[in-house]
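Trainee: okay, sequence plus prediction incoming.
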Amino acid sequence: MLKARKILLSLTLVLASGISLSNASAAVPTVEEQQIRTANEAVAEWKDWVNDHAYKLTSIQRTTDFDDLEMLKPLLHDKRMVFLGESSHGVAEFSLAKTRLIQFLHQEMDFNVLAFESGLGNIMDAYGNIDQQSAEQTMKEAIFGVWWTKETLPLFDYIKASQTTDQPLSLVGFDMQLQGMFTNGDWLQNKQLAKQFLTVEEQLVDWSSSEDIEGYRQAKPKLITVYTDVKSQVKQQEQVLKAAYPNEPHIVKLMERTLAQRIHVAEEYIELNIQSNIELKQNNPTTFYKTMEWRDQAMVENLLWLANDVYPNEKFIVWAHNDHIRKAHSEVMGTPYPVKMMGELLPEAKKKSSYVLGLYMGSGESVSNARDVLPVLPVKRGSMEDILAAANAPYTFIDMRYRQNERGNSWMFEPRLSYSWGLIEESFVPQEQYDGILLIDKATQPTYIK
């Protein structure tokens, strides 16, 4: 199997090289020329098939007309979780398209929980007061700054407006990364402990960027003691917490979970992160990979806990980067993070009851997490984006979950080239990673909100 994949990948690379047949021998073609000719014929068949079978979305703007999304109902009717990915965090159209998909899934298919790739506690804190503040404030307190854009804000307008209906869209986070303070500690009714809590929150962030591993080992017990003391107050202050977070009915569970995770982060993750900081200066990514896998293990555990213990009777929409939701990320060739990530770590039963949608871009430009402009590289012939672009539509959706390998769609069952972030060349079997793909023909920069 591995040998066959290598051969297929080799053919894909030959195809992408742009070698012309114009110089081929008129008499007997060489083996390489015949391979190129065969590959070109295959691409033509694939593109014809996509043109016949792809769904073309009419809009990515919020709307009450969902006729172009009706085809999703038979695909998702029995799914508990729908994962909405993105190949870059910095694309305006990704946020717009996902917001519209969320609106459709919520209104038309009763998906009532939106789980975001942001802090478990931070979203708890913001959502707990959603009625008392603007949608923009909720967005900024809830999610990472990479999504503080005018294109994401309509989602938070929608979430806020839904709270006054008989079907509110609940917002939760599942990430463990340090994202700033997740509570001010006023509910503790103990000024000294609240001050200690604020101090250790700041110290934990500082230590995460440190290279002083021995210094951290000495400081760690005190940090853990403070978090443990705060956690011990949660149930005692249940009524105060409920008053402080009136929109979060699960505040006690979420606060305990967040504090337990902070203790776990202090016990293990920060030390790993410090070691990673040291090694990366030596061009050694070994421990950095361990921090990535540690994070995704924590994220999948949080997501499963939310689905099983907090919202056991609700259907979930999950917003995250493609890397986190792919079903077999560690098998992707060329990825900067060759580890098992959240989607791959999901139990098989959960994978069967989920649908994983990857979002990609065919041209234009995106923005890095540091807000550097990243031009999307020209697609290579025979790549996944090149094949899907044959639909000649601004927004092209293709389902792969329910396809059998046949002439015309064999591209989704073979290694294909694709771009992460619009510029990192990867190779993977599309159908093994995603259930569906949404290709945005042209990506543009988001408009950031300060």
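Mentor: That came through fine. Numbering: from 1, shown residues only.
Trainee: tell me what the helix or strand harbouring residue 43 is packed against?
Mentor: Secondary-structure assignment from DSSP states H and E places residue 43 in helix 31-53. Applying 3 or more C-beta pairs under 8 Å, 6 or more residues apart in numbering; DSSP states H and E, one finds that helix 31-53 contacts helix 2-16, helix 384-388, strand 395-399. C-beta coordinates here come from the backbone N, C-alpha and C atoms, glycine included.
Trainee: rank the ones you listed by pLDDT, which is bottom?
Mentor: Of all those, the segment with the smallest mean pLDDT is helix 2-16, scoring a mean of 44.
Trainee: against residue 256, how distant is residue 220?
Mentor: Distance of residue 220 to residue 256, computed by C-beta to C-beta, to the nearest Å: 21 Å.
Trainee: hang on, the earlier thing: can you name the element that comes right after the helix holding residue 43?
Mentor: Next along from helix 31-53, by DSSP H and E: strand 55-56.
Trainee: show me how far that next one is from its chain's centre.
Mentor: 23 Å (C-alpha atoms, centre = their mean, to the nearest Å).
Trainee: for it, packing partners?
Mentor: strand 395-399.
Trainee: now the angle from the strand it packs on to helix 31-53?
Mentor: Between strand 395-399 and helix 31-53, the angle comes out at 100 degrees (axes from the mean of the first three to the mean of the last three C-alpha atoms, to 10 degrees).
Trainee: centre of the chain to strand 395-399, how far?
Mentor: 18 Å.
Trainee: and that strand, what's buried?
Mentor: 395, 396, 397, 398, 399 (16 or more other C-beta atoms under 10 Å).
Trainee: I'd say residue 112 and residue 172 touch.
Mentor: No: under the criterion of C-beta atoms under 8 Å, residue 112 makes no contact with residue 172, lying 11.0 Å away.
Trainee: so where's the protein uncertain?
Mentor: 1-27, 33, 35-36, 38 (pLDDT under 70).
Trainee: what about the strands in it?
Mentor: Remark: strands assigned in the chain by DSSP state E are 55-56, 81-84, 111-119, 170-175, 315-319, 354-361, 365-367, 373-375, 395-399, 416-420, 424-428, 436-440.
Trainee: helices of the stretch 201-350 of the chain, residue ranges please.
Mentor: In the stretch 201-350 of the chain, the helices defined using DSSP state H, counting those that start in this stretch lie at 213-231, 238-244, 251-264, 270-280, 286-305, 322-325, 342-345, 348-352.
Trainee: looking at those, which is buried most?
Mentor: helix 322-325 (a mean of 26; mean count of other C-beta atoms under 10 Å).
Trainee: check the offset of that helix from the chain's centre.
Mentor: Centre to centre, stretch against its chain (C-alpha atoms, centre = their mean), the figure for helix 322-325 is 5 Å.
Trainee: name the helices or strands packed onto that helix?
Mentor: helix 342-345, strand 354-361.
Trainee: can you redo these as JSON lines with distance to residue 320?
Mentor: As requested, the helices and strands packed on helix 322-325 are exported to JSON lines (distance: least, C-beta to C-beta, whole Å):
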{"stretch": "helix 342-345", "distance to residue 320": "7"}
{"stretch": "strand 354-361", "distance to residue 320": "10"}
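Trainee: and of these, who's closest to residue 51?
Mentor: Distance to residue 51, taken as C-beta to C-beta, is lowest for strand 354-361 among the helices and strands packed on helix 322-325, at 17.6 Å.
Trainee: partner strands of the closest one and their direction?
Mentor: As defined by DSSP bridges, the strand partners of strand 354-361 come to strand 81-84 (parallel), strand 436-440 (parallel).
Trainee: what does the longest one contact?
Mentor: With contact meaning C-beta atoms under 8 Å, 6 or more residues apart in numbering, strand 436-440 is reached by 57, 60, 75, 91, 93-94, 97, 355-362, 384-385, 388-389, 391, 394-401, 430.
Trainee: and the angle from that strand to strand 416-420?
Mentor: 60 degrees.
Trainee: next one: strand 436-440 to chain centre, how far?
Mentor: Distance, centroid of strand 436-440 to centroid of chain: 14 Å (C-alpha atoms, centre = their mean).
Trainee: export it to PDB, keeping only CA atoms.
Mentor: C-alpha atoms of strand 436-440 as PDB (Å, rounded to 0.1, in the frame of the first residue of the first chain):
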ATOM      1  CA  GLY A 436     -16.300  17.100   2.300                       C
ATOM      2  CA  ILE A 437     -14.400  20.100   0.900                       C
ATOM      3  CA  LEU A 438     -15.500  23.600   0.400                       C
ATOM      4  CA  LEU A 439     -13.200  25.500  -2.100                       C
ATOM      5  CA  ILE A 440     -13.300  29.300  -2.000                       C
END
